[in-house]
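Visitor: Next comes the sequence, and after it the predicted model I'd like to discuss.
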Amino acid sequence: MKIVVLDGYAMNPGDLTWNGLQALGDVMIYERSSEKEIIERTKGAEIVLTNKVSLPAHIIEALPALKYIGVMATGYNMIDMDCANKQGIVVTNVPGYSTPSVVQLTFSLLLELCYHTQRHSDAVMKGKWTASPDFCFWDYPLTELSGKTLGIIGFGSIGQKVADVGAAFGMSILAYSRTKTDQSHRKNFRWAAEQEELLAQADIVSLHCPLTPQTENLINAESLSIMKPSAVIINTSRGGLIDAQALADALNEGRISGAGIDVLPVEPPPIDNPLFNAKNCLVTPHIAWATKESRLRLMDVVIGNIKSFLNGQSVNVIS
């Protein structure tokens, strides 16, 4: 059984082990693969694993031995699913592995925007507290979350955990989802009838929905115009949910207060991305998923998916 990993570095830059995978067959692991290298590297492979390397139709069709594609992530937009289905290839992904880590970064970004912790620490290290005539000082607004409305767009497992943490901070939860599940156990919770209602009423808007043709540029000039000038937006989901130029314009013109962004439409981003120079905007390099604990879960499920496939009982299959 020939197994090829096309881009293993992101999941395992050296602090995990591939032993569990290597026990399943003849395994070739590449840190990264360009499109030109894929066919040669995967020739004769029955199993191919990819995190972000694309497998379009012309590549899938050039691999007659291929029986299984394992996406080492949750999103699978890099796979031509129509072609894979036509070729009878099983495609699996790994849902839910990063939920605790994504929730953690969501609030890390939000709390930084509320207290500007790094900026205040930098000011102290430069001697500003030492020179202060008072016992304390602050150079940036300090904001308390209690009593604020947290608007969550997308209410799957991550959105619901974000709601749990928001409620622990004393926030009211306003959620929008195409599927409205029973949330009667929650206090200070209600469903928004429309996204516009959520955008208009939320103090913080946090995105936790997939990227689809319907959600692409969900946050754009029009939707930003609905939001409060004091509102903050957080995106730890998919970069394509936000029109970066529209968000940068809104921040620079004071039409919204701040943004915490972990994902961008193009990754790595070009240096002229407008958010890099936007006011009160934090941008982290797609790290919400990447704690060691999260990557260990990811590795375990990737291996478990393959074992189930080899046993004829495939799980986490993308249909």
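Guide: On my side now, so go ahead.

Visitor: could you pull out the helices for the protein?
Guide: 19-22, 35-42, 57-61, 81-86, 99-115, 117-125, 157-168, 195-201, 221-226, 244-252, 292-310 (DSSP state H).

Visitor: and stretch 122-137, C-alpha only, in PDB?
Guide: C-alpha atoms of stretch 122-137 as PDB (Å, rounded to 0.1, in the frame of the first residue of the first chain):
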ATOM      1  CA  ASP A 122       5.400  47.600  25.200                       C
ATOM      2  CA  ALA A 123       4.700  51.100  26.700                       C
ATOM      3  CA  VAL A 124       5.700  49.800  30.100                       C
ATOM      4  CA  MET A 125       8.900  48.300  28.800                       C
ATOM      5  CA  LYS A 126       9.700  51.700  27.100                       C
ATOM      6  CA  GLY A 127       9.500  53.400  30.500                       C
ATOM      7  CA  LYS A 128       6.200  55.100  30.200                       C
ATOM      8  CA  TRP A 129       4.800  53.600  33.500                       C
ATOM      9  CA  THR A 130       8.000  54.600  35.300                       C
ATOM     10  CA  ALA A 131       7.600  58.200  34.100                       C
ATOM     11  CA  SER A 132       3.900  58.300  35.000                       C
ATOM     12  CA  PRO A 133       2.800  60.700  37.700                       C
ATOM     13  CA  ASP A 134      -0.100  58.300  38.600                       C
ATOM     14  CA  PHE A 135      -0.100  54.700  39.800                       C
ATOM     15  CA  CYS A 136      -1.500  53.500  36.400                       C
ATOM     16  CA  PHE A 137      -2.000  54.700  32.900                       C
END
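
Visitor: From the chain's centroid, how far away is it?
Guide: 36 Å (C-alpha atoms, centre = their mean, to the nearest Å).

Visitor: pLDDT of it, averaged?
Guide: On average, the pLDDT along stretch 122-137 is 97.

Visitor: circling back to that earlier point, would you list the helices of the chain in JSON lines and tack on distance to residue 180 and mean neighbour count?
Guide: Where you see a C-beta, it was placed from the backbone N, CA and C, and this is true even at glycine. Output for these, formatted as JSON lines (distance: least, C-beta to C-beta, whole Å; neighbours: other C-beta atoms under 10 Å):
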{"stretch": "helix 19-22", "distance to residue 180": "39", "mean neighbour count": "14"}
{"stretch": "helix 35-42", "distance to residue 180": "41", "mean neighbour count": "15"}
{"stretch": "helix 57-61", "distance to residue 180": "36", "mean neighbour count": "16"}
{"stretch": "helix 81-86", "distance to residue 180": "27", "mean neighbour count": "15"}
{"stretch": "helix 99-115", "distance to residue 180": "20", "mean neighbour count": "20"}
{"stretch": "helix 117-125", "distance to residue 180": "36", "mean neighbour count": "13"}
{"stretch": "helix 157-168", "distance to residue 180": "12", "mean neighbour count": "19"}
{"stretch": "helix 195-201", "distance to residue 180": "13", "mean neighbour count": "18"}
{"stretch": "helix 221-226", "distance to residue 180": "20", "mean neighbour count": "16"}
{"stretch": "helix 244-252", "distance to residue 180": "27", "mean neighbour count": "20"}
{"stretch": "helix 292-310", "distance to residue 180": "28", "mean neighbour count": "18"}
